[in-house]
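Undergrad: let's see this in three dimensions:
(chains A, B, C and D)
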Protein chains: 2
Amino acid sequence: MYAPSEAARRSGFSLDTLRYYEKIGLLSVGRTAGGRRIFTDDDLGWLELFRCLRDTGMPIAEMCRYAELAREGAHTAGERQALLERHAERVEEQMRLLQRQYDHLRAKIRYYEGLPGSH
Amino acid sequence: MYAPSEAARRSGFSLDTLRYYEKIGLLSVGRTAGGRRIFTDDDLGWLELFRCLRDTGMPIAEMCRYAELAREGAHTAGERQALLERHAERVEEQMRLLQRQYDHLRAKIRYYEGLPGSH
DNA sequence: TTTCAACCTGGAGCGCACTCCAGGTCAAGC
DNA sequence: GCTTGACCTGGAGTGCGCTCCAGGTTGAAA
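TA: As a prediction, this is how the structure comes out:
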């Protein structure tokens, strides 16, 4: 059980982002009697997944879709898997593009290295 | 010499984006007597660079800085090189993160593959 | 018991990179 | 000369993902 600040520290999301994720229905967090959020290890597991998906460029709407499927139960496992698979393929394409553009960038830098007065 | 639509087609940027890039001073394009833009091969070269920088996540403000330096003349070559070098290092970090999160994603998908009823 | 930092809410605001629009102009082809 | 589609401008609007704020509440420590 973690207080909001601790969950923020562990997940790397800001407090505001955690509240925002709850507001849009991406996450559902328990409360104390006084109305304060308490994050479980399970919640942190979800946050870790969201970080992975976010860092690989998945739109929030699609994360919501995934979370919704998970809430519907085990029978949606296949659909969730397919969603992740499609995303992984997009990430592969993204990695190829990034590598290609990185190579261009390096070529451009090498051009500067051949210039007089550049060092 | 290329008309705007041809420049858009070749660069992959939309007409509106080309106009926007000019408006913010990232690009400076020649005109016909009637006031219409004409793109040279040099302009397309710049657009290719902007695409590379954009695809690797450079903010537009930094591209503007680079373009500004280039306009100032050859004596800024060192600074331009350094700017690109710093960016390339950020891209390397970005590639490492993307690879790491991709691995997580693949691990998650493998977990689904071990589930009953998932295929 | 008091304090005070951490927490709560609803809603407004922001930064980025475009994207769209209205209303007008240009020029190539018939 | 007329038509028509590509082009022009300034400025407003959009979508995303937060981020900030005001004004109020909670609860652990002193």
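
Undergrad: quick check: residues of chain A near chain B?
TA: A:49, A:51-53, A:55-56, A:74-75, A:77-78, A:80-81, A:84-85, A:87-88, A:91-92, A:94-95, A:97-99, A:101-102, A:104-106, A:108-109, A:112-113, A:115, A:117-119 (Cβ under 8 Å from any Cβ of the partner chain). (C-beta placed from N, C-alpha, C; glycine too.)

Undergrad: contact residues of chain A facing DNA strand D?
TA: A:14, A:16-17, A:19-20, A:32-36, A:54, A:59-61 (Cβ under 7 Å from any atom of the strand).

Undergrad: in helices only, show me the residues of chain A next to chain B.
TA: The helices, defined by DSSP state H, take in A:49, A:51-53, A:55, A:77-78, A:80-81, A:84-85, A:87-88, A:91-92, A:94-95, A:97-99, A:101-102, A:104-106, A:108-109, A:112-113 from the residues of chain A next to chain B.

Undergrad: and the residues you listed, which are buried?
TA: A:49, A:52-53, A:55, A:77, A:80-81, A:84, A:87, A:91, A:98, A:101-102, A:104-105, A:108-109, A:112 (16 or more other Cβ atoms under 10 Å in any protein chain shown).

Undergrad: report how many residues lie close to the one residue in chain A that gets nearest to DNA strand D.
TA: Residue nearest to DNA strand D within chain A: residue A:34 (2.3 Å; Cβ to the nearest atom of the strand). By other Cβ atoms under 10 Å in any protein chain shown, 5 other residues sit near residue A:34.

Undergrad: where does it land in three-state SS?
TA: coil (DSSP: H, G, I helix; E, B strand; the rest coil).

Undergrad: dihedrals phi and psi, it?
TA: phi -80, psi 0 (degrees, to the nearest 10).

Undergrad: now do the contacts for it.
TA: Residues near residue A:34 by Cβ atoms under 8 Å, 6 or more residues apart in numbering or on different chains: none.

Undergrad: enumerate the residues of chain A near DNA strand C.
TA: A:3-6, A:15, A:19, A:23, A:35-37.

Undergrad: could you rerun that using 10 Å?
TA: Chain A comes close to DNA strand C at residues A:2-9, A:15-16, A:18-20, A:22-23, A:29-32, A:34-39, as judged by Cβ under 10 Å from any atom of the strand.

Undergrad: out of those residues, name the ones that lie in strands.
TA: A:30-31, A:37-38 (DSSP state E).

Undergrad: can you tell me which of those residues are buried?
TA: Using 16+ other Cβ under 10 Å as the burial test, these include residue A:37 as buried.

Undergrad: output the ones in strands among the residues of chain A next to DNA strand C as a markdown table; include the columns pLDDT.
TA: Shown next, in a markdown table, are these (pLDDT from 0 to 100):
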| residue | pLDDT |
| --- | --- |
| A:30 | 98 |
| A:31 | 98 |
| A:37 | 98 |
| A:38 | 98 |
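
Undergrad: make CSV out of the ones in strands among the residues of chain A next to DNA strand C and add distance to residue A:45.
TA: Shown next, in CSV, are those (distance: Cβ to Cβ, whole Å):
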residue, distance to residue A:45
A:30, 14
A:31, 19
A:37, 16
A:38, 15
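
Undergrad: next, the closest residue to residue A:50 other than its chain neighbours: secondary structure please.
TA: Spatially, and ignoring its direct neighbours in sequence, residue A:50 is nearest to residue A:63 (5.9 Å; Cβ to Cβ, 6 or more residues apart in numbering or on different chains). The local conformation at residue A:63, judged by three-state DSSP, is helix.
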